[in-house]
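Peer 1: after the sequence you'll find the predicted model.
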Amino acid sequence: MVQTTPTRRDDIRNIAIIAHVDHGKTTWVDGLLHQSGIFRANERVAERVMDSLDLERERGITILAKNTTVHYGNVKINIVDTPGHADFGGEVERTLAMVDGVMLLVDASEGPLPQTRFVLKKALEANLPPIVCINKIDRPDARVGAVLDEIYDLFIDLDASEDQLDFPVVYTNARAGIATRDLKQPSENLKPLFDLIVQALPGPAGDIQGPTQFQANNLDYNDYVGRLAVGRIKNGTLAVGNYTLCRMDGTQQPVKVTQVYGWEGLKRIELPIAEAGDIVALAGIEDIGIGDTIADRENPRPLPALRIDEPTIAMVFSANNSPWSGREGEFVTSRKLRERLQYEQRKNVSLRVADTDQPDAFQVTGRGEFQLAIVIETMRREGYELQVSKPTVVTREINGTVHEPVELLVIDVPEDFIGVVSQLLAMRKGKMTKMVHAGSSRVRLEFSVPSRGLIGFRSRFLTDTRGTGIMNALFDGWAPWHGTIQGRSNGAMVADREGTATPYAIFHLQERGIIFISPGDRVYEGMVVGEYSRDVDLNVNISREKKLTNIRAAGRDENIIITPHREMGLEDGIEWVGDDELVEVTPESVRLRKKVLKQSDRPRRRQEDGD
């Protein structure tokens, strides 16, 4: 058999965008799409077209990697949006496997922030050439020169090679749709940016004459053609026809591809044939999984498996068995819950789902509590009712001793809060490894901290830094068990009967702790209605009404003034609950409850001297 050497295609560029939250990545892509002529002159286009999920638009983050294609002259530029949050590392790994270069997008005032670091580290490890784009140069507080120095420091800190350090720089104002290579040279459009992408980044390498190799990096679904596998053709060509599916476990089976799609802007278009280097979506293979290879029928050669960061946080998902189960959701059975979790596992490789000793409960492990919270939030919006346990860490035994996952925690805070943050992390077994003054009044701190020390840390951190702190955690390996970490020191106020919360009862209970519900909310026995100021649980009658008499006395009718309650959302609830508590999640409500609802069946909670 004659071996042919891979050649680079000059008519395609496959690039991924790396940026921190709110540095203008999605606005920047909007500008590229508009100036490449993808949209008609009279076509109505939503802002931030790449953030298509409701959750992404609400939170201003990218959760799922998405594709778009623009044409510049004779070159087709495939742009893949990458999630910046470390909890979505599985998405990042797969995204970078599809591209040949990266665009690092940095705010001209804030500089490179922690989430930038995570994806950039992955890109440099994959030997992908970078272009640096400094955005928002129109900001009054822009400090372009200092930010460029910080970017060089970041590259050196991440062990970039000499070639990677010699990166080209472009300056942009994405909102105005302009780019320039030299700040002294004004610009009217993004043409300098397009030129730089074509000149500085290589085309995809592949052997068009060789046997077909395509790896599924992402999954999608279409109501008309079923499951779609999204990925890049490494070698050969792809068209409708028969191929071999090579699974990650080594098994092979014959399959038929029924349709091949490419992209035009954000729209999928059908292709008669696709060649090595193209990013495409395939239809017709219902049971394909992420990492599987579609190979030549006669000469199947599977591609190497995708390497994903190990999951570190576990939670137990179970069917909702509260007294009000089935009132607010459409899917309430354990069978529906199992099907939905298995579907999530197939399209999200950084997630693991395992059975437990209870038939209606499943252990779900992921990269962080934020990733699992996004899964839960997505499910509740789809109509699922479920209940979830307190997050715990995944441990492993190395050389006969128990090891736990450790995170590199990067924190960016004003100088005034250094002491507060250090004290907060010292209680959670965190050790400061680095402190950098950025030249402004802010300081960047790095800590080595056990993953379980970060459970419930985010909300406390934001409260103590008055919302001014930025944090990001990266998996940093395994270390021997750090010992006991103090958890929540306060007990819970637990409703002792079903009823409706009254202003009278709340008024008399609020001096004993923090109330989680408002007057008029319905409660059931075993539902957590507040945080008690002591370290034991308190059973309360929150539906108690004032006894009426026929005697009016001066001073008897005191004014009822109720302190605003603390709203417990999904993430707050997951962080707050203890070992004997659950978070009940329905499409309309998030409630906290005891695992054992009946007061008579629950042992009295004593102060715990273990963890």
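Peer 2: On my side now, so go ahead. Numbers count the residues shown, from 1 in each chain.
Peer 1: where does the stretch 201-350 of the chain dip in pLDDT?
Peer 2: Along the stretch 201-350 of the chain, segments meeting pLDDT under 70 span 221-223, 266, 307-309, 347, 349.
Peer 1: in it, which spans are helices?
Peer 2: In the stretch 201-350 of the chain, the segments counted as helices under DSSP state H, counting those that start in this stretch are 334-347.
Peer 1: same question, the chain
Peer 2: Secondary structure of the chain (DSSP state H): helices located at 25-35, 54-59, 89-96, 114-125, 144-157, 162-165, 191-200, 334-347, 369-381, 418-426, 457-464, 503-509, 570-576.
Peer 1: buried residues, the shortest one. List them.
Peer 2: What it means is helix 162-165. Using 16 or more other CB atoms under 10 Å as the burial criterion, the residues of helix 162-165 that qualify are Q164. The way it works is simple: take the backbone N, C-alpha and C, and place the C-beta from them, glycine included.
Peer 1: list the helices and strands that helix packs on?
Peer 2: Of the remaining helices and strands, those touching helix 162-165 by 3 or more CB pairs under 8 Å, 6 or more residues apart in numbering; DSSP states H and E are helix 144-157.
Peer 1: rounded mean pLDDT for the helix it packs on, please.
Peer 2: With pLDDT averaged residue by residue, helix 144-157 scores 86.
Peer 1: identify the residues contacting that helix?
Peer 2: Here helix 144-157 makes contact (CB atoms under 8 Å, 6 or more residues apart in numbering) with 104, 106-109, 111-112, 116-117, 120, 124, 132, 134, 137, 164-165, 167, 169, 171, 183, 438-439.
Peer 1: mind listing what's buried along that helix?
Peer 2: Those buried within helix 144-157 under the rule 16+ other CB under 10 Å are 144, 147-148, 150-151, 154-155.
Peer 1: I418 and R442 touch, don't they?
Peer 2: No: at 10.3 Å, I418 and R442 do not qualify as touching, with contact defined as CB atoms under 8 Å.
Peer 1: between these two, which is the more surrounded one?
Peer 2: For the pair I418 and R442, the greater number of neighbours falls to R442 (18 against 15), based on other CB atoms under 10 Å.
Peer 1: in contact with the more buried one, which residues?
Peer 2: R442 makes contact with 412-415, according to CB under 8 Å, 6+ apart.
Peer 1: so of these, which ones are in strands?
Peer 2: Secondary structure assignment by DSSP state E places 412-414 of these in strands.
Peer 1: next one: stretch 376-386 to chain centre, how far?
Peer 2: Put simply, stretch 376-386 sits 17 Å off its chain's centre (CA atoms, centre = their mean, to the nearest Å).
Peer 1: buried ones in it, by neighbour count?
Peer 2: Applying a neighbour-count criterion of 16+ other CB under 10 Å, the buried positions in stretch 376-386 are 376-380, 384-386.
Peer 1: can you give me the end-to-end distance of that stretch?
Peer 2: By CA to CA, to the nearest Å, the extent of stretch 376-386 from end to end equals 9 Å.
Peer 1: ranges for the strands of the stretch 351-500 of the chain?
Peer 2: Ranges of strands in the stretch 351-500 of the chain, per DSSP state E, counting those that start in this stretch, are 352-355, 361-366, 386-388, 392-393, 396-398, 401-414, 431-437, 442-450, 470-480, 492-495, 499-500.
Peer 1: go through those strands and pick out the most buried.
Peer 2: Per-residue neighbour counts averaged over each of the strands of the stretch 351-500 of the chain give the maximum for strand 492-495, namely a mean of 26 (mean count of other CB atoms under 10 Å).
Peer 1: just checking, what packs against it?
Peer 2: If contacts are counted by 3+ CB pairs under 8 Å, 6+ apart, strand 492-495 sits against strand 527-532, strand 538-540, strand 590-594.
Peer 1: how about a markdown table for the ones you listed, with mean pLDDT, mean neighbour count and distance to L548 added?
Peer 2: Supplementary listing: the helices and strands packed on strand 492-495 in a markdown table, determined by pLDDT from 0 to 100; neighbours: other CB atoms under 10 Å; distance: least, CB to CB, whole Å:
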| stretch | mean pLDDT | mean neighbour count | distance to L548 |
| --- | --- | --- | --- |
| strand 527-532 | 92 | 24 | 24 |
| strand 538-540 | 91 | 19 | 21 |
| strand 590-594 | 92 | 23 | 31 |
